[in-house]
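Participant: Give me a model of this one.
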Amino acid sequence: MREPLGLIWSKKDLDGEESQFHILAMSDQKIVGTVVLKPVSKTRIKLRQMAVDSHLQGNGIGKKLVLFAENLAKSKGFQEVLKNSSSWEESGKGHGRLEKRVTFSTSDISTLQEKHQWFGLKSVNMVISERTSTNHLKEKVTSQERRYYISSLPESAKQICQIARQHWGIENKLHWRLDVVYNEDGACIHDETSAINMSTIRKWSLNILQKAKSKPEQSLKSLMRKNAMSLTHALKIVERVFHA
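Facilitator: Residues are numbered from 1 along each chain as shown. Predicted coordinates:
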């Protein structure tokens, strides 16, 4: 689990592993998943680490491992299983495609903090998005994308999944409006500072135009056209927005 993050193993990481429970998921005589249980007292045991083969994530292997681990802990006399990680899966259909999102969240960040010391960091998260759609040949095509997040929120796969989805929804809608209203994708600004300044101005003016609409269905382009053709109309907009 440390290797994808660029972290190294230490003696501290391996100390006491002989007293821990190592559970493996096997397929065709190959290890496809693992979970480690570490006793912390006579009645409590900690789910220390869990990993699933990257090519098989999203197939429910992690859930089965956790369930097996919990049942094993109870059979060994432990009354409570402490978890520092969670997973969440949801799916939806829209725009002619089926999307499945699997989120993994963990608060086991001590080794990561030793290297980076990010202030306020409480969890590390990964969201796997798998999209299935039909191409022009009416063939089903599946693509997969992974996004990684560091967060100041406590470990919660469900919450992280919802926040990530809302974030991308906002970004996509904003980008679409900036391109339609201002043709941002066609802007050829090569200076980095100028590009940042223009992006800020566009977003600021887009918010002003949104507030200036007299009707919800009014086109932003038509509103811009009226402002450009009539100074009186533009001044009324300023009065409405800034002195409301």
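Participant: which residues in this structure form helices?
Facilitator: 11-14, 61-75, 110-116, 157-182, 192-212, 220-229, 231-242 (DSSP state H).
Participant: Tabulate those helices (TSV), appending mean neighbour count, distance to Ile31 and mean pLDDT.
Facilitator: Every C-beta, even on glycine, is put in place using the N, C-alpha and C of the backbone. As requested, the helices of the chain are exported to TSV (neighbours: other Cβ atoms under 10 Å; distance: least, Cβ to Cβ, whole Å; pLDDT from 0 to 100):
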stretch	mean neighbour count	distance to Ile31	mean pLDDT
helix 11-14	10	18	62
helix 61-75	16	11	88
helix 110-116	13	22	77
helix 157-182	15	23	79
helix 192-212	13	47	86
helix 220-229	14	55	86
helix 231-242	12	61	84
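Participant: Looking at those, which is nearest to Leu82?
Facilitator: Leu82 sits nearest to helix 61-75 of all those, at 9.9 Å, using Cβ to Cβ.
Participant: packing partners for the closest one?
Facilitator: strand 21-27, strand 30-39, strand 44-52, strand 80-83, strand 85-94 (3 or more Cβ pairs under 8 Å, 6 or more residues apart in numbering; DSSP states H and E).
Participant: and the fourth one, how far out from the chain's middle?
Facilitator: Pointing back at strand 80-83 there. Centroid separation between strand 80-83 and its chain, computed with Cα atoms, centre = their mean, to the nearest Å, is 25 Å.
Participant: Where do the domain boundaries of this protein fall?
Facilitator: In terms of domains, the chain is parsed into 1-83, 86-162, 189-242 (source: automatic domain parsing).
Participant: Just to check, Ile189 is in contact with Ala195?
Facilitator: Yes - counting by Cβ atoms under 8 Å, Ile189 does reach Ala195; the two are 4.5 Å apart.
Participant: for Glu80, what are its contacts?
Facilitator: The contact partners of Glu80, taken as Cβ atoms under 8 Å, 6 or more residues apart in numbering, are 43-45.
Participant: quick one: which of those residues is most hemmed in?
Facilitator: Ile45 (25 neighbours; other Cβ atoms under 10 Å).
Participant: Which residue is the nearest non-sequential neighbour of Ser152?
Facilitator: Gly120 (4.3 Å; Cβ to Cβ, 6 or more residues apart in numbering).
Participant: tell me the contacts of Met224?
Facilitator: Met224 touches 181, 209, counting by Cβ under 8 Å, 6+ apart.
Participant: From Gln218, how far out is it?
Facilitator: According to Cβ to Cβ, to the nearest Å, Met224 and Gln218 sit 11 Å apart.
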